[in-house]
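> give the three-dimensional model of this entry:
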Amino acid sequence: MNISLLGCGWLGLPLAQHLIAKGHLVKGSTTSIDKKEVLKSISIEPYLINLKEDKIEGDMSNFLHQSEILIIDIPPKLRGLVKENFVQKIKNLIPYIEQSTIKKVLFISSTSVYADTENLPTITEETIPNPDTESGKQLYEVEQLLLSNTQFKTTILRFGGLIGANRNPINMLAGRTDVANPEAPINFIHQTDCIGVIEVILNQNSWNEIYNAVGLDHILRKEYYTSKAKELDLTPPLFNFEKNSLGKYVSNAKIKKQLGYTFKVVA
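Predicted coordinates:
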């Protein structure tokens, strides 16, 4: 299988390595000249590509050429002083997809397309998204752009909070006070399961679908972060119980039932 992977970051790079180990040919993109050599050293065909609101820098046509599948794994950059129009960046990309050999698109989205609320609803793929953050709003708009395009098939994969080696929110929350939403559940997924879910979607040719992907049981934030802090010998955070907790329970039942996937990492 020939795959073009737009975005070889925290998830994209190990995903590419895994796919190559399984015998796939992978083209990978980066915005860094230095990282281009890193990709090349691990058998990824590297491309220097930068999506911008007004143009695309790099050889997008050759990046997509002869690939059947495009995986889009570039999150919106909406933090800090400079915020981007992620929707416009994807609008610039779509004509290149239409003119290429790409027949299937896997878009890595987020469960942030569902708002956190006081009634802590159970969320399934049938739930109508109601994003209340700028990131969630732009991701949902991009989802609709891709799903409505009839020139290629699209599957949307909405990941919960990403965790893995050296990546866990407790590293930022340790020792903090007045931490919000203690009674809300966590909706995390480990890097290992992110890659596992993507692989099974590709292997089962599961297109024109939407999947919510969270791997952990719905442990409450107060319990999870207190336990994780002790496990890592960090100072547990102190929570604010005076305000009602906002959150949601994201179900992974569709992935387990329809794809037969078993999540590997509990915490």
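
> quick one, strands of this structure?
Applying DSSP state E to the chain gives strands spanning 2-6, 25-30, 45-48, 50-51, 56-57, 69-72, 104-110, 122-123, 153-159, 161-163, 188-190, 210-213, 249-250.

> of the ones you listed, which is nearest E37?
E37 lies closest, by CB to CB, to one member of these: strand 45-48, at 7.6 Å. C-beta here means a position set from N, CA and C on the backbone, and glycine is covered the same way.

> now the closest one: average pLDDT?
The pLDDT scores in strand 45-48 average 98.

> could you pull out the helices for the stretch 151-267 of the chain?
Counting by DSSP state H, counting those that start in this stretch, the segments of the stretch 151-267 of the chain that form helices are 170-173, 191-203, 221-231, 253-258.

> pick the most deeply packed of these.
Among those, ranked by average contacts under mean count of other CB atoms under 10 Å, first place goes to helix 191-203 (a mean of 20).

> picking up where we left off before, Q204: which of the strands of the chain is closest?
Nearest of those (CB to CB): strand 153-159, 10.5 Å.

> can you pull up the most central residue in this protein?
I108 (4.3 Å; CA atoms, centre = their mean).

> does that residue touch I72 like I think?
Yes. Contact status for I108 versus I72: in contact at 6.4 Å, counting by CB atoms under 8 Å.

> correct me if wrong: E118 contacts S245.
Yes. The pair formed by E118 and S245 meets the contact definition of CB under 8 Å, at 7.4 Å.

> what about these two, which has more around it?
S245 (20 against 12; other CB atoms under 10 Å).

> quick one, what contacts that one?
Each residue near S245 by CB atoms under 8 Å, 6 or more residues apart in numbering is listed here: 118, 120, 180-184, 221.

> could you do E125 as well?
For E125, the contact set (CB under 8 Å, 6+ apart) comprises 210-212, 254.

> pLDDT value on it, please?
Note for E125: predicted pLDDT of 98.

> skipping adjacent residues, who's closest to it in space?
I210 (4.9 Å; CB to CB, 6 or more residues apart in numbering).

> still on that earlier bit, tell me the pLDDT at the closest residue to the residue nearest to the centre of the chain other than its chain neighbours?
Of all residues beyond its chain neighbours, the one nearest I108 is D73 (4.5 Å), with distances taken as CB to CB, 6+ apart. For D73, the pLDDT comes out at 97.

> and D73, its phi and psi?
Torsion angles at D73 (phi, psi; degrees, to the nearest 10) stand at phi -130, psi 60.

> likewise for the one 4 residues further on?
With angles defined as degrees, to the nearest 10, K77 shows backbone torsions of phi -100, psi 90.

> contacts only, for T111.
Taking CB under 8 Å, 6+ apart as the test, what T111 contacts is 123, 158-160, 187, 212, 214, 248, 250.

> next: P75.
108, 110, 135.

> returning to that earlier point: columns distance to K228 and pLDDT on top of the contacts of S245, output as a markdown table?
What follows is the contacts of S245, written out as a markdown table (distance: CB to CB, whole Å; pLDDT from 0 to 100):
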| residue | distance to K228 | pLDDT |
| --- | --- | --- |
| E118 | 25 | 96 |
| L120 | 21 | 97 |
| A180 | 17 | 96 |
| N181 | 16 | 97 |
| P182 | 14 | 96 |
| E183 | 17 | 97 |
| A184 | 15 | 96 |
| R221 | 10 | 95 |
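
> of these, closest to F241?
Looking across the contacts of S245 and measuring by CB to CB, the closest to F241 is P182, at 5.9 Å.
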